[in-house]
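Participant: fold the stuff below for me.
(chains A and B)
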Amino acid sequence: MSDMLCPRCSRANAIVDYQGWQDDTVVWTIFRCITCCFSWRDSEPASTIGVGARSADFAVDAANLDRYPKILQQVGK
Amino acid sequence: MNDLADRARGISSLRDFLELLKDAGQAITWSDRVMPEPDLRNIAVAASRDASGAPAIIFDNIAGYPGKRTVVGVHGSWDNIALLLGRPKGTTIRELFFEIAGRWGDAEAQISFVPEEQAPVHECRVESGINLYDILPVYRINEYDGGFYLGKASVASRDPEDPDNFGKQNVGIYRLQLQGPDCFSLMTIPSHDMGRQIMAAERTGLPLKIAVMLGNHPGLAVFAATPIGYEESEYSYASAMMGAPIRLTKSGNGVDILADSEIVIEAEMQLGERVLEGPFGEFPGSYSGVRKAPLFKVTAVSHRRDPIFENIYIGRGWTEHDTLIGLHTSAPIYAQLRKDFPEVTAVNALYQHGLTGIISVKNRMAGFAKTVALRALSTPHGVMYLKNLIMVDADVDPFDLNQVMWALSTRTRADDIIVLPNMPAVPIDPSAVVPGKGHRLIIDATSYLRPDPIGEAHLVNPPTGLEIDALSKAIRVLQQGVAQ
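Facilitator: Presented below is the predicted three-dimensional model:
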């Protein structure tokens, strides 16, 4: 677990999935939030990964994940 | 012309097609160093501005992905589609439409099976320690996508309740979001073949194993996106329409796959599990919402040596998605209408997967075009997608928007418009007040027949036909000669 805040749901539940290397140097790191499933690369523009810089329209409400509908729901389940 | 047709029939893989495109000046290699974001997106969008002639773009110097290649825009222009069909660059959209409409069907399919040990796709095999990021140089396609997507994956699967039936084996393009190093989510809806199979697997508890093909025969990429009957095989359609054999082999988990694909990811659905998926910038040019979608766990990956990861830019049009599926959306509507109404002369459903369609028809009687429009709404694609329909006469080319606007300007009376309220509609239409329902609009821009009042104006009839078409091409050739 890293201490990175998720840019989308603001929880600190991110893990490192991958690092891009070039010439023995880490060029970027891919994180994934296990609360809201957002994946991001730390080299992306602030409009995508900046906490506070992202459009609030695309935030995920981590306290209320039940609001997101389940697809292909079986009848009666 | 014959050389082009022969060469197109000789394509058996993405690599073959890229060679053909390079020879025709329709594929370029971008070797300057690029960042995965936003550079790949920016370059793909810039290329999409030229719907007629954009090249495929191969990136071979992506920061953090040394030695890996990705390609976008393989189907990104009409010239590339023309070359796939064995026609020269500059072939008109109308000509391409009739080329496809004339080939429609699966009667002449030639399917051959290659032993697994001889299939190029199995050259390299990963069965443990799988990390998809090791293999796929993924990037965020649109800035607010929920993650890294495989936007041009052809997903093959067998019907869990009838796994030996070749026809019921489905191949479709579904968006896949990476959910960690060895998992991904798949978005579909109940009416799609994959949706049916997922629901059947969860109802019965039977396993659903799939094979995700990336970097495929360019004919399959087209047909995997085309709605055909549930018991019809996309492989058979692709072969018949290309007029050439399709080489299949078996994936490690028993699914029929293309023997010459660049990469195949084998995976199994985690029954009953859902993860947050989306948003994703979709073909209407708007983002889908966040949903809980089925999760698949990767069990193995096969790939060719130095594989090429093929992806697509999709979003607000014009994009590769529009050229990829536009004509193959139009052709089945045309074929279905012609069964009942041979007066239909062409169908243009290029725009946003047919949210707007233009149909040309010879009016059999006054008001006839409206009857044809209502029939179009009941075709399989029309039921959900054909939101706005413009009906024009047979003397108007529905693929020439200048002519369509002329018909709208001169042949539409304001009371020739029908609005059908509260019809079913594709849920991701951004204009929907209630996703999944909406109003349909029919504009009858055909001319009048008695007993309608006809008016006094007489049309100018400029010369048309093959002679003018040939002159138009001669002018272009002369102009190109001057430019050189």
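
Participant: which residue packs closest to the most centrally placed residue in chain A, ignoring adjacent ones?
Facilitator: Of all residues in chain A, the one closest to the mean position by CA atoms, centre = their mean is residue A:38, 2.6 Å from it. Distances taken as CB to CB, 6 or more residues apart in numbering or on different chains put residue A:8 closest to residue A:38, at 4.1 Å, once the chain neighbours are dropped. No exception for glycine: its C-beta is placed from N, CA and C like everyone else's.

Participant: okay, and that neighbour sits in which element?
Facilitator: Following DSSP states H and E, there is no helix or strand that holds residue A:8.

Participant: quick one, phi psi at it?
Facilitator: phi -100, psi -40 (degrees, to the nearest 10).

Participant: please report how far it lies from residue B:274.
Facilitator: 18 Å (CB to CB, to the nearest Å).

Participant: surely residue B:116 touches residue B:125?
Facilitator: No: using CB atoms under 8 Å, residue B:116 and residue B:125 do not qualify as a contacting pair, with a distance of 10.0 Å.

Participant: of those two, which one has the most company?
Facilitator: Taking other CB atoms under 10 Å in any protein chain shown, residue B:116 and residue B:125 do not tie; residue B:116 has more neighbours (16 against 13).

Participant: that older thread, the residue nearest to the centre of chain A: what's it in contact with?
Facilitator: A:6, A:7, A:8, A:9, A:32, A:60, B:146, B:147 (CB atoms under 8 Å, 6 or more residues apart in numbering or on different chains).

Participant: the same query, at a cut-off of 10 Å, please.
Facilitator: Applying CB atoms under 10 Å, 6 or more residues apart in numbering or on different chains, we find residue A:38 in contact with A:6-9, A:11, A:14, A:31-32, A:49, A:58, A:60, B:145-147, B:276, B:290.

Participant: can you check residue B:293 too?
Facilitator: If you count contacts by CB under 10 Å, 6+ apart, residue B:293 has them with A:37, A:68, A:70-72, B:174-177, B:179, B:184-188, B:198, B:273-278.

Participant: select only the buried ones of these in ChimeraX?
Facilitator: Command for ChimeraX that selects the buried part of the contacts of residue B:293, burial taken from 16 or more other CB atoms under 10 Å in any protein chain shown:
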select /A:37,68,71,72 /B:174,175,176,177,179,184,185,186,187,188,198,274,275,276,277,278
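
Participant: which of the contacts of residue B:293 fall within strands?
Facilitator: Under the assignment DSSP state E, these contribute B:176, B:177, B:184, B:185, B:186, B:273, B:274, B:275, B:276, B:277 to strands.

Participant: next one: residue B:310 relative to chain A, how far apart?
Facilitator: Distance, residue B:310 to chain A, using CB to the nearest CB, to the nearest Å: 20 Å.

Participant: next one: residue B:262
Facilitator: Distance of residue B:262 to chain A, given as CB to the nearest CB: 20 Å.

Participant: also residue B:108?
Facilitator: Taken as CB to the nearest CB, the span from residue B:108 to chain A is 36 Å.

Participant: which stretches of the chain have low pLDDT?
Facilitator: Just so you know, I chose chain A. A:1-2, A:75-77 (pLDDT under 70).

Participant: that's the other chain; I wanted chain B
Facilitator: Flagging of chain B using pLDDT under 70 yields the residue ranges B:1, B:105-106, B:224-229, B:483-484.
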